[in-house]
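Enquirer: Dropping a prediction and its sequence here:
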Amino acid sequence: MPASTASAGSSQGCLPESPVGSSDRRNCDDQPAAILLAGGAARRLGAARPAGGKAACEVGGELLLGRVAAAVAPVIAEIVVVGGEPVPADLRDRFLGLRQLADSQPGAGPLAAIRDGLADICQQRATAGRPLPAAVLLVACDLPLLRPPLVQALLDWLPPAADSVAWAIPEVAGQPQYLFSVCRPQLLGPLEAFLASGRRDLRGFVATLTGQDADHVVLIPTAAWQQIDPVGAAGCDIDTPADLAALAGSASRRR
């Protein structure tokens, strides 16, 4: 069972003594948490970018933020939204386990936001005297085709015992999808050190982790991930107006 006695905000407090597997998560208090990344300038959206940022784009008649939260919430009750405009009241009422943090370093990229989310989860759990989560889902707000079974399948890829794996990342069409992945809270310490060095690139952080221990990161091969996600929902993100239009149409057809 992960340790629950660390001081608030301590990186060392995010080192689980013995993480449990997904089959045990429903029966103990180290329930998984999720970090939903809602910040970023979304400049490539141009005139299609709404006042509320990318998270406020509508797909299938629903805000992106709401669609992604709806995919996560049936599997993970604790959702920490990092960055973006204030979450609308109706979404807060709909997802009672959702809370929001402001970016501590706006414009610093997703790694800084992940750091903020992990630190908050560790602090909140320590303050409540609860064990740290066995797993933390990392998910971007612009993946409107995600569904709860896909979230659960990703959680199940994190090895179930106290081993050295800190991060499981699916490869979608041959490319790692860092922003739909699952990690352990112990990622916080190395992440803080990496950001303190002045770097903030995801590929560089993965290279640093694997340089320390090749087993720290598991890349889920494309062929294996396709068995779980044959339509490539984990890779259907929104960067441009064309992406938004295409995914809005796809989502409407799926309703």
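Expert: Sure, I can see it. Numbers count the residues shown, from 1 in each chain.

Enquirer: Strands of the stretch 51-200 of the chain, start to end?
Expert: 58-59, 62-63, 78-82, 98-101, 136-140, 167-172, 175-176, 180-183 (DSSP state E, counting those that start in this stretch).

Enquirer: Surely residue 104 is in contact with residue 116?
Expert: Yes - between residue 104 and residue 116 there is a contact at 5.2 Å, judged by C-beta atoms under 8 Å. All C-beta atoms are positioned from the backbone trio N, CA, C, and that covers glycine.

Enquirer: just so I have it, where are all the helices in the stretch 51-200 of the chain?
Expert: Assigned by DSSP state H, counting those that start in this stretch, the stretch 51-200 of the chain shows helices spanning 64-72, 89-94, 110-128, 148-155, 188-196.

Enquirer: deepest of the ones you listed, which one?
Expert: helix 64-72 (a mean of 24; mean count of other C-beta atoms under 10 Å).

Enquirer: So for residue 81, which of the helices of the stretch 51-200 of the chain sits nearest?
Expert: helix 64-72 (7.2 Å; C-beta to C-beta).

Enquirer: What is that closest one packed up against?
Expert: strand 33-37, strand 78-82, helix 89-94, strand 136-140, helix 148-155 (3 or more C-beta pairs under 8 Å, 6 or more residues apart in numbering; DSSP states H and E).

Enquirer: would TSV of those with distance to residue 168 be doable?
Expert: Below are the helices and strands packed on helix 64-72 laid out as TSV (distance: least, C-beta to C-beta, whole Å):
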stretch	distance to residue 168
strand 33-37	14
strand 78-82	19
helix 89-94	28
strand 136-140	10
helix 148-155	7
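
Enquirer: between the strands of the stretch 51-200 of the chain, which one is nearest to residue 150?
Expert: That would be, of the strands of the stretch 51-200 of the chain and by C-beta to C-beta, strand 180-183, which comes in at 8.5 Å.

Enquirer: what's next to the closest one, contact-wise?
Expert: 135-140, 143, 146, 154-155, 157-158, 166-170, 234 (C-beta atoms under 8 Å, 6 or more residues apart in numbering).

Enquirer: Go again with 7 Å.
Expert: Here strand 180-183 makes contact (C-beta atoms under 7 Å, 6 or more residues apart in numbering) with 135-140, 143, 154-155, 157-158, 166-170, 234.

Enquirer: Tell me which of the helices of the stretch 51-200 of the chain lies nearest to residue 80.
Expert: helix 110-128 (4.8 Å).

Enquirer: per-residue confidence averaged over the closest one?
Expert: The average pLDDT for helix 110-128 rounds to 96.

Enquirer: same thing with stretch 217-226?
Expert: What stretch 217-226 shows for mean pLDDT is 95.

Enquirer: Could you check it and say which residues are buried?
Expert: By 16 or more other C-beta atoms under 10 Å, the buried positions in stretch 217-226 come out as 217-220, 225.

Enquirer: Could you export the residues you listed as a markdown table, including secondary structure and distance to residue 71?
Expert: A markdown table is the format used below for these (DSSP: H, G, I helix; E, B strand; the rest coil; distance: C-beta to C-beta, whole Å):
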| residue | secondary structure | distance to residue 71 |
| --- | --- | --- |
| 217 | strand | 24 |
| 218 | strand | 22 |
| 219 | strand | 22 |
| 220 | strand | 18 |
| 225 | helix | 17 |
